[in-house]
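Engineer: based on what follows, work out the 3D shape:
(2 chains)
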2 protein chains.
Amino acid sequence: MDEPRYDVVGLGNALVDVIAHADDAFLETHGLDKGTMTLIDAARARELYEAMPAGIEVSGGSCANTMAAFASLGGRGAYVGKVSGDQLGDVFRHDIRAAGVQYDVAVGDRAPTGRCLVLVTPDAQRTMQTYLGASSHLGPGDVDVALVSAARVTYLEGYLWDPPDAKEAFRKAAAHAHRAGRKVALTLSDPFCVDRHRPSFLELIEGAVDILFANEAEILSLYEVRSFEDALQRVRGHCEVAALTRSERGSVIVAGDDVHAIDAEPHVRVIDTTGAGDAYAAGFLYGYTQGRPLAACGRIGGIAAAEVISHFGARPETSLAALVRDRLG
Amino acid sequence: MDEPRYDVVGLGNALVDVIAHADDAFLETHGLDKGTMTLIDAARARELYEAMPAGIEVSGGSCANTMAAFASLGGRGAYVGKVSGDQLGDVFRHDIRAAGVQYDVAVGDRAPTGRCLVLVTPDAQRTMQTYLGASSHLGPGDVDVALVSAARVTYLEGYLWDPPDAKEAFRKAAAHAHRAGRKVALTLSDPFCVDRHRPSFLELIEGAVDILFANEAEILSLYEVRSFEDALQRVRGHCEVAALTRSERGSVIVAGDDVHAIDAEPHVRVIDTTGAGDAYAAGFLYGYTQGRPLAACGRIGGIAAAEVISHFGARPETSLAALVRDRLG
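Structural biologist: Just a heads-up that it's a prediction; the model follows:
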């Protein structure tokens, strides 16, 4: 087996975020479910955008955010996702490359670049409405087998389970990663996403996922249980490692009989929780691919998440490598 | 004379800002002149964007920023400027309307929506490279005489003097405003812009401008003098009112024999000076159109500028009306 050229290659929906402040009344008026991600079509995206306050545009996409944070930590990452040849596609491409991530653009011309309307309420929670656009046309043909085989870990976002072609891309990437003796990681992305795809997620996790990321709501939804303890017992046998995040209660890492509870970073002024889970996964995977102990991987995840929730937007604004050096030595 | 339907109608270059952090070495490598605005063509814009770090996209344009801040203060404003029917044009249109400004879009199809690449250095200074795109095709045909006649003040940005058709739009708007018995305000925009157009700016200021906005560098450049005192004496006789901004030294307002020195707002942590002058003009014009004394107009300008420089981006993030209520009562 060759020495991997990349630490992590990530596959995800390539989106540009449109972020604005909103109050709870706005969510209610427009029937939006706080804290979750809902898929919308182009017409609904236009209607909702018209109604939204002035915003900022910034590259997003769950897995792309993870890869940008991963590069900021010093990791060697590559990204696979589809944009269109339009202005927002240009923005997405520019930003992920400028962050230091390898990205051979897959350009589709069947729909404009996907966007995610993110509404941040005064409690720092984010509510997301996603028009997938070009990103939904990612298919198995976009998966470069050599790239996947050349990375220690192939990281997949659960949101890819929504568009049908992307699911095939997802399966192909996982299969080739394993064939090359690499690891496969998955994030469950969203409790409603889990709800939409529970049986096939369960099958996937039992058969093809080595490292699982989930927050509390997602893991409870996956196993349809009410207590975190029960979910912990269920996941224990299925993946080599599961990293379960619990917001201000930190995270719990389970690996067979090994269980590590990691405190959240203290003294964080939370401005916008968008991208918290994405950054945690980046930090964890950075530690993992550097061969650090699991508890240290969780700490690095927590440090990365703390940076991202301390400002508007889902990607780090400062060098995560420097932050980790300061905090962990 | 009818009661004006608008307090201020503004004409300017409609631009979307692409804002990123950069260090002094980046400016040097790319031959950029710190703190100024340079016009660039599409090819140079592409080349520079490729080299830039990851950024955020946010609606900009000097006069459009002023109108957004003016609306945030509670003023009734309208805007005239040209975008294209592309994604960035959509963003511009959405944001200025969402800010509460009347905007009947002038859509051009000869070039993409203009953009301004803004590099913010660690000293919070901004360096701007502007590709005018569609905004440069604003012409006299885009000036709605009824709109201009219906506003107490017609506000023009000096940057409009760069594209030839916009200059005609500018002259037409000023003439019709005066014909309707309204006031004409101008901001000099940039010392190099003044340098490019000195003779015609001088003629304009002597003949057609009632309210002039300029910062220290701009007013020194206009009169080619070295001391602020000399510039003050020169401008005194030409405009009804001149509001001259001096960064951390506040502003000076001159109206005939009346001179008011206004301190800058204290305790401001400066993050990004982009839009400081735009916000000052908004605050001043808000006070002016509300019939407040000149010293109060200057204070409101200072309060608006202080909000805008305390964060990334050139438009207010909080209600300026509430801020002014808190500070001035």
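Engineer: stretch A:6-19: end-to-end distance?
Structural biologist: 31 Å (C-alpha to C-alpha, to the nearest Å).
Engineer: pull out the buried residues from that stretch.
Structural biologist: A:6-19 (16 or more other C-beta atoms under 10 Å in any protein chain shown). (Glycine included, C-beta is placed from N, CA and C.)
Engineer: count of residues packed around the closest residue to A:Glu216 other than its chain neighbours?
Structural biologist: Among residues not flanking A:Glu216 along the chain, A:Arg246 sits closest, at 5.1 Å (C-beta to C-beta, 6 or more residues apart in numbering or on different chains). Using other C-beta atoms under 10 Å in any protein chain shown, A:Arg246 has 16 neighbouring residues.
Engineer: now do the phi/psi pair for A:Arg246.
Structural biologist: phi -130, psi 40 (degrees, to the nearest 10).
Engineer: what parts of the stretch 51-200 of chain A come near chain B?
Structural biologist: A:52-59, A:68, A:86-88, A:91, A:94-96, A:98-99, A:112-113 (C-beta under 8 Å from any C-beta of the partner chain).
Engineer: buried only: go through those residues for me.
Structural biologist: Buried among those (16+ other C-beta under 10 Å): A:52, A:54-59, A:68, A:86-88, A:91, A:94-96, A:98-99, A:112-113.
Engineer: circling back: touching, the residue nearest to A:Glu216 and A:Leu220? I think so.
Structural biologist: No: look at A:Arg246 against A:Leu220 with C-beta atoms under 8 Å: they stay out of range, at 11.1 Å.
Engineer: mutual contacts of those two, please.
Structural biologist: A:Phe228 (C-beta atoms under 8 Å, 6 or more residues apart in numbering or on different chains).
Engineer: tell me how far A:Ser59 lies from A:Asp104.
Structural biologist: From A:Ser59 across to A:Asp104, the span is 17 Å (C-beta to C-beta, to the nearest Å).
Engineer: what bits of the stretch 1-150 of chain A have low per-residue confidence?
Structural biologist: The stretch 1-150 of chain A contains residues with pLDDT under 70 at A:1-2.
Engineer: ok so, going back, who are the contact partners of the residue nearest to A:Glu216?
Structural biologist: With C-beta under 8 Å, 6+ apart, A:Arg246 has these contacts: A:Asn215, A:Glu216, A:Phe228, A:Val252.
Engineer: residue contacts, A:Asp165?
Structural biologist: Applying C-beta under 8 Å, 6+ apart, the residues near A:Asp165 are A:Ser136, A:His137, A:Leu138, A:Gly139, A:Pro140.
Engineer: of those residues, which is the most crowded?
Structural biologist: A:Leu138 (28 neighbours).
Engineer: is it true that that one touches A:Glu157?
Structural biologist: No: using C-beta under 8 Å, A:Leu138 makes no contact with A:Glu157, being 11.1 Å away.
Engineer: list residues touching both of these two?
Structural biologist: With C-beta under 8 Å, 6+ apart as the test, A:Leu138 and A:Glu157 both reach A:Leu11, A:Asn13.
Engineer: how about the strands in the stretch 201-329 of chain A?
Structural biologist: A:211-215, A:241-245, A:251-255, A:258-262 (DSSP state E, counting those that start in this stretch).
Engineer: for A:Met52, give its distance to A:Arg115.
Structural biologist: In terms of C-beta to C-beta, A:Met52 sits 12 Å off from A:Arg115.
Engineer: and the residue of the stretch 151-300 of chain A found nearest chain B, backbone torsions?
Structural biologist: Nearest residue of the stretch 151-300 of chain A to chain B, counting by C-beta to the nearest C-beta: A:Ile271, 11.2 Å away. Torsion angles at A:Ile271 (phi, psi; degrees, to the nearest 10) stand at phi -110, psi -40.
Engineer: show me the residues around it that make contact.
Structural biologist: Here A:Ile271 is in contact with A:Ala124, A:Ile309, A:Ser310, A:His311, A:Phe312 (C-beta under 8 Å, 6+ apart).
Engineer: ok, and the closest non-adjacent residue to A:Arg226?
Structural biologist: Nearest to A:Arg226 is A:Leu220, by C-beta to C-beta, 6+ apart, at 6.8 Å.
Engineer: my bad, A:Phe192
Structural biologist: A:Thr36 (5.4 Å).
Engineer: thinking again about what came up before, wait, the residue nearest to A:Arg226 touches A:Glu229, no?
Structural biologist: No: if you go by C-beta under 8 Å, A:Leu220 and A:Glu229 don't touch, sitting 10.7 Å apart.
Engineer: settle it for me: which of those two has more neighbours?
Structural biologist: Taking other C-beta under 10 Å, A:Leu220 and A:Glu229 do not tie; A:Leu220 has more neighbours (18 against 9).
Engineer: tell me the pLDDT of the more buried one.
Structural biologist: Model confidence at A:Leu220, given as pLDDT, is 96.
Engineer: quick check: the gap between it and A:Gly298.
Structural biologist: 20 Å.
Engineer: over to A:Gly60?
Structural biologist: Where A:Gly298 is concerned, A:Gly60 sits at a distance of 24 Å (C-beta to C-beta).
Engineer: what about the two, which has more around it?
Structural biologist: A:Gly60 (30 against 26).
Engineer: contacts only, for that one.
Structural biologist: A:Leu15, A:Val16, A:Asp17, A:Cys116, A:Val118, A:Thr274, A:Gly275, A:Ala314, A:Arg315 are the contacts of A:Gly60 under C-beta under 8 Å, 6+ apart.
Engineer: quick one, phi/psi of the residue nearest to it when sequence neighbours are not counted?
Structural biologist: Among residues not flanking A:Gly60 along the chain, A:Asp17 sits closest, at 3.5 Å (C-beta to C-beta, 6+ apart). Phi and psi for A:Asp17, reported as degrees, to the nearest 10, are phi -80, psi 140.
Engineer: sweet, I'm off.
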